[in-house]
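# sequence below, structure please.
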Amino acid sequence: MVSIGNMLILEKNTPQQPEGLKQRFVSALLYCTGEMLQLHTHMQDQLFPLQLAEGCLRGISRVILLNNPLSGALILAALLLESPWQALLGMLGLLASTFTAIILGLDCEEVSSGIHGFNGMLVALLMGVFSSAGDWYWWLLMPVCLGGAATTFLSSSLAPILNHWDLPVSVFPFNTVIVLYLACTGVSNPYFPSHPSHPPGAPDSTNHTQLHVPQLLQGVVLGVGQIFACETVGPSLLILTAVFLFSPILAVYALLGSGISTMAALLSAYTDIALSNLLGVLGLPASSWAATLTGTLMLLLTGKKLKEYRIPTGKVTTPEQDLHSHKQWSAANTSTTDV
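So this is what the prediction gives:
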């Protein structure tokens, strides 16, 4: 026979079970967002292959300013869905740059955070994109490894210089190595032929008066995926999901930036057109020089009104955390200056 006390306990516990499941689900979801620092701390005591796997996944996500291994896994899945060959090249370039950083004895925390991997991955992906030899051309693996390693050397050389102005190395190594590689190989190279790059031609003289909204929205999503040379909607949506998992604010800004470039040639799009015309004469692509130079110039020329909102390069986390930290700093300064 069930006592009254037991009945009260059952009645008390029954409505809390769904709430407990909800709390566990929310906790698990929050655990997977942001930088996943708890996982990063836990991995410090694990075997080297596991640490390497986490660092590589973070390196994949670093390509689009993220720092989340789960986001990196989603992006890797998108690359596999888009092209297994491209995914293989990207991972090989990332491993080459990461192992070079380990051999050079660079900062262990930077290596485990993927900072020395994303430039190598970008170089490898663009080598595959511009190769006219087609997929599964095994000769391409050699320049992919060498190019990935070269980005680490260049990154470690640029870091002390740019640190004087609190500027990130960003993708300067990637842009430099890919342009040098394409300049040295060219279209008629017997082993590493590449597609020629031409300056943007004259606009189509046909007068298109109809605006296709679905195509416009699709172009906005594809603009995010093209960072990883993805040209289909499915992988692009996976990449956008990876960005949202790390930071919803960053995902919104990614869509806004892609939308602005799709609808009108604003911001760095002007620089991209100018560089495309300049380098296209030499048969070279503009790559991402426009975004790199524009972003670096904006950080370098930060005015007094914007300087107080500037987050030091070494303390940048998610936009949400940066906003929270700035609010706390502002509140502390206000309270200390009050009379």
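# just give the number of residues close to residue 30.
As a burial measure, residue 30 scores 9 neighbours (other CB atoms under 10 Å). C-beta here means a position set from N, CA and C on the backbone, and glycine is covered the same way.
# just residue 113 next, same as before
Using other CB under 10 Å, residue 113 has 18 other residues around it.
# same question for residue 274.
12.
# pLDDT score for it?
We have a pLDDT of 76 for residue 274.
# and it, that's in a strand?
No. Counting by DSSP: H, G, I helix; E, B strand; the rest coil, residue 274 is not found in a strand; it is helix.
# state the distance from it to residue 281.
The gap separating residue 274 from residue 281 is 12 Å, by CB to CB, to the nearest Å.
# now the common contact residues for these two.
Common contacts of residue 274 and residue 281 (CB atoms under 8 Å, 6 or more residues apart in numbering): none found.
# ranges for the helices of the stretch 51-200 of the chain?
Residue ranges of the helices in the stretch 51-200 of the chain, as given by DSSP state H, counting those that start in this stretch, are 69-82, 84-103, 108-112, 118-130, 141-162, 172-185.
# and those: which comes nearest residue 38?
helix 69-82 (11.7 Å; CB to CB).
# can you count the residues close to residue 224?
21.
# doesn't residue 236 make contact with it?
Yes. Taking CB atoms under 8 Å as the definition, residue 224 is a contact partner of residue 236 at 5.7 Å.
# how far does stretch 221-228 sit from the chain's center?
Between the centre of stretch 221-228 and the centre of its host chain there is 11 Å, according to CA atoms, centre = their mean, to the nearest Å.
# what's the model's confidence in it, averaged?
Stretch 221-228 comes out at a mean pLDDT of 85.
# mind listing what's buried in it?
Neighbour-count burial for stretch 221-228 flags 221-225, 227-228 (criterion: 16 or more other CB atoms under 10 Å).
# what separation do you get for residue 192 and residue 318?
According to CB to CB, residue 192 and residue 318 sit 39 Å apart.
# do residue 122 as well
Applying CB to CB, the value for residue 122 to residue 318 is 22 Å.
# next: residue 232.
According to CB to CB, residue 232 and residue 318 sit 28 Å apart.
# comparing the helices of the stretch 51-200 of the chain, which stretch has the densest surroundings?
Highest mean neighbour count of these: helix 118-130, a mean of 28 (counted as mean count of other CB atoms under 10 Å).
# taking helix 84-103 as reference, get the angle to it.
Orientation check (axes from the mean of the first three to the mean of the last three CA atoms, to 10 degrees): helix 118-130 against helix 84-103 gives 150 degrees.
# what about the helices in the stretch 201-339 of the chain?
Along the stretch 201-339 of the chain, the segments classed as helices by DSSP H, counting those that start in this stretch run 213-225, 233-246, 248-263, 268-280, 289-300, 304-307, 319-337.
# now the helices of the stretch 51-200 of the chain as a markdown table including distance to residue 299 and mean pLDDT?
Compiled in a markdown table, those are given as follows (distance: least, CB to CB, whole Å; pLDDT from 0 to 100):
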| stretch | distance to residue 299 | mean pLDDT |
| --- | --- | --- |
| helix 69-82 | 24 | 95 |
| helix 84-103 | 24 | 96 |
| helix 108-112 | 20 | 90 |
| helix 118-130 | 18 | 94 |
| helix 141-162 | 10 | 94 |
| helix 172-185 | 13 | 92 |
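# residue 241: which of those helices is closest?
helix 69-82 (5.9 Å).
# list the helices and strands that closest one packs on?
helix 48-62, helix 84-103, helix 233-246 (3 or more CB pairs under 8 Å, 6 or more residues apart in numbering; DSSP states H and E).
# out of the ones you listed, which gets nearest to residue 34?
helix 233-246 (6.6 Å).
# how close does residue 139 sit to residue 133?
Distance of residue 139 to residue 133, computed by CB to CB: 7 Å.
# joint contacts of these two?
residue 192.
# neighbour count winner among these two?
Shown here are residue 139 and residue 133; by other CB under 10 Å, residue 133 has more neighbours (15 against 11).
# before we move on, the earlier item: dump the helices of the stretch 51-200 of the chain to a markdown table, plus distance to residue 46.
Output for the helices of the stretch 51-200 of the chain, formatted as a markdown table (distance: least, CB to CB, whole Å):
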| stretch | distance to residue 46 |
| --- | --- |
| helix 69-82 | 13 |
| helix 84-103 | 16 |
| helix 108-112 | 11 |
| helix 118-130 | 22 |
| helix 141-162 | 24 |
| helix 172-185 | 29 |
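# if we can go back for a sec, I'd like to know which of the helices of the stretch 201-339 of the chain is closest to residue 49.
helix 233-246 (23.0 Å).
# how about the residue positioned nearest the centre of the chain, what does it touch?
By CA atoms, centre = their mean, the chain has its centre lying nearest to residue 64, at 1.5 Å. For residue 64, the contact set (CB under 8 Å, 6+ apart) comprises 75, 224, 227-228, 239, 242-243, 254.
# and of the residues you listed, the nearest to residue 157?
For these, the nearest to residue 157 is residue 227 (24.8 Å; CB to CB).
# so what's the residue nearest to that closest one when sequence neighbours are not counted scoring on pLDDT?
Among residues not flanking residue 227 along the chain, residue 64 sits closest, at 5.6 Å (CB to CB, 6 or more residues apart in numbering). You'll see residue 64 listed with a pLDDT of 88.
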